[in-house]
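> sharing a model that was predicted from the sequence below.
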Amino acid sequence: MTQKSSVTVSGTVDKIITSLSSGEPEKAQLLIDGVDHSSQQIRIVNTLRDEKNDEVQLKADTEVRLAIRSQINDNQAKEQDQCAIRIDFKSRLPVAKEDSE
């Protein structure tokens, strides 16, 4: 049997963190609304795809919605559970598009 659960939360891109190493991608630090201070911030790799599958990047102060879905199978050990995160951009705010060469 598979158990599924999900939650959608709002947040804002707090800042963009440039990597010190040239091989590492930059990260976006997100502030999540409505949670306690100790778990308010998360960081993600700032390489995303839009609905047209074009590569995009978040900008500071962009409002986002995060849809977090979890799927737990009874046959799997708990440490192998999978979690998917979908980030929706609020359409009225800009998203930087990656230049194609």
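Looks like it came in fine. Here the structure is a predicted model, which means the values were calculated and not measured. Residues are numbered from 1 along each chain as shown.
> low-scoring pLDDT stretches of the protein, where are they?
Counting by pLDDT under 70, the chain has low-confidence residues at 1-2, 38, 72-101.
> partner strands of the biggest strand by length in it and their direction?
Longest strand in the chain by number of residues (criterion: DSSP state E): strand 2-17. Strand 2-17 pairs in its sheet with strand 27-32 (antiparallel), strand 63-73 (antiparallel), by DSSP bridges.
> pick the most deeply packed of those strands.
Compared across the strands paired with strand 2-17, strand 27-32 shows the largest average neighbour count, a mean of 18 (mean count of other Cβ atoms under 10 Å). Where C-beta positions appear, they are placed from N, C-alpha and C, glycine not excepted.
> list of residues touching that strand?
Strand 27-32 is contacted from outside by 9-17, 19, 39-46, 57-58, 64, 66, using Cβ atoms under 8 Å, 6 or more residues apart in numbering.
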